[in-house]
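Trainee: Following is a predicted model, sequence given first.
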Amino acid sequence: MKKKQVLVACGAGIATSTVVNGAIEEMEKEHGLSLDIRQIKIAEVNSYIDTADLLVTTAMTKKEYPFPVINARSFLTGIGTDDTKKQILEALQK
């Protein structure tokens, strides 16, 4: 399976994206995925338009991208994380 590039973004690319990044790294190990995880600021997403396979973000975005965008605020609240993980896995399996 080709290594998938996953962008993990928040407003500043530091605090909340670190939490989400850790959760995705755990999923990678648990499910035997091959991921290139990039922790970035939401403003940097356009730099990855041609290479990214998925954007997982805690920031609000109204822009359309050529890859799936998954809201990951559940990783911060602890509510609905299973659903978010399922969405991420489904997006990566496409």
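Mentor: That came through, no problem. Residues are numbered from 1 along each chain as shown.

Trainee: any idea of the mean pLDDT for stretch 27-45?
Mentor: Computed over stretch 27-45, the mean pLDDT rounds to 95.

Trainee: Convert the C-alpha atoms of it to PDB, please.
Mentor: Taking C-alpha atoms only, stretch 27-45 is exported to PDB below (Å, rounded to 0.1, in the frame of the first residue of the first chain):
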ATOM      1  CA  MET A  27      -4.100   4.500  14.700                       C
ATOM      2  CA  GLU A  28      -1.200   4.000  12.300                       C
ATOM      3  CA  LYS A  29       0.400   1.400  14.600                       C
ATOM      4  CA  GLU A  30      -2.900  -0.300  15.600                       C
ATOM      5  CA  HIS A  31      -4.000  -0.700  12.000                       C
ATOM      6  CA  GLY A  32      -0.700  -1.300  10.300                       C
ATOM      7  CA  LEU A  33      -1.000   1.800   8.200                       C
ATOM      8  CA  SER A  34       1.800   3.500   6.200                       C
ATOM      9  CA  LEU A  35       1.400   7.200   6.800                       C
ATOM     10  CA  ASP A  36       3.400  10.400   6.300                       C
ATOM     11  CA  ILE A  37       1.900  12.600   9.000                       C
ATOM     12  CA  ARG A  38       2.600  16.400   8.700                       C
ATOM     13  CA  GLN A  39       1.700  18.600  11.600                       C
ATOM     14  CA  ILE A  40       1.100  22.100  10.200                       C
ATOM     15  CA  LYS A  41      -0.800  25.400  10.600                       C
ATOM     16  CA  ILE A  42      -4.100  25.500   8.700                       C
ATOM     17  CA  ALA A  43      -2.700  28.400   6.600                       C
ATOM     18  CA  GLU A  44      -0.100  25.900   5.200                       C
ATOM     19  CA  VAL A  45      -2.500  23.400   3.700                       C
END
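
Trainee: before we move on, which element is residue 75 in?
Mentor: Here residue 75 sits within helix 74-77, counting by DSSP states H and E.

Trainee: Now for residue 40, how many residues are close by?
Mentor: 18 (other C-beta atoms under 10 Å). In short, each C-beta sits where N, CA and C put it, glycine included.
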